[in-house]
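[1] A predicted structure for the sequence below; I have some questions about it.
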Amino acid sequence: VLAACSNDTAGPNTNGDVKLSVVNALTGDVGAQLKLDQTSVALPTSGHASSMMVTAGSHRVQLSSESGQSLVDTTISVAAGSRHTVVLSGSGVTSAGVSVATDTISTGTGGNGYRSIVGSVLMVNSAPGIGPFDVVVYQANSASVYRFGNFAFGAGSLPPPAPYGFYVPFVPATYTFTITNPGAPTALATTTLTLATDDRWTVMLTTSIEGGLVLQATKQ
């Protein structure tokens, strides 16, 4: 499934100079509510992203259920001119989580001259208890094939329940992302995206209502 891009800007502190993207990778109908600095933020629809500008400094991020039960209450700190992605993942009150990734590629802080030649893709496993899988990436009109292992919920660099698998740069091109069992050739889920210079995409693994694997791509 290729999710449409959402560029809605909504939320508090919109006069700031920090770009904050919100990706809704929650599975199932959890009726979650998000607050930033105790002000409600409109959630993008499932599988989509929205963005806002916030001020530099510390911000309180709260995720609660529809009934008001607190699921996550954490504080993040952001620097002026930086870009961050807030991913809401998991399902229900027992596994829902919030993780924040810092974009060190498009801002140039990752080094290696990435900013002028590439876009970035954040790969997210938002399905607790599913995996690990391999992510195999095919570049159109190229013999290049990339394989990333250990694509599992909580296997990223952030503490559990961090859903991140990888945050990597790619040259502008069309890519097909597939999920396979470790070392296996058969694709379990597939999505395709076209990446332009300085684009930022999120590719997320979720599960359908029937329990099948769904790979979604959304442009931040």
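    That came in fine, so what should we check first?
[2] Could you use CA atoms for every contact and neighbour count after this?
    OK.
[3] Might one say that V203 is in contact with Q220?
    No: checked against Cα atoms under 8 Å, the pair V203 and Q220 is beyond contact range at 10.4 Å.
[4] dump the residue contacts of D103.
    Contacts were defined as Cα atoms under 8 Å, 6 or more residues apart in numbering; by that measure D103 touches S82, R83, H84, T85.
[5] brain fart, G81
    Shown in contact with G81 (Cα under 8 Å, 6+ apart): D17, V18, K19.
[6] how many neighbours does the first one have?
    When counting by other Cα atoms under 10 Å, one arrives at 17 neighbours for D17.
[7] Tell me the spacing between it and A56.
    7 Å (Cα to Cα, to the nearest Å).
[8] re the thing from before, from the contacts of D103, which land in strands?
    Cross-referencing the contacts of D103 against strands under DSSP state E gives R83, H84, T85.
[9] is it possible to export those to TSV including pLDDT, neighbour count and distance to A101?
    Compiled in TSV, the ones in strands among the contacts of D103 are given as follows (pLDDT from 0 to 100; neighbours: other Cα atoms under 10 Å; distance: Cα to Cα, whole Å):
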residue	pLDDT	neighbour count	distance to A101
R83	83	20	9
H84	84	18	6
T85	85	21	5
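[10] Closest to A187 out of those?
    Nearest to A187 among the ones in strands among the contacts of D103 is T85, at 27.4 Å by Cα to Cα.
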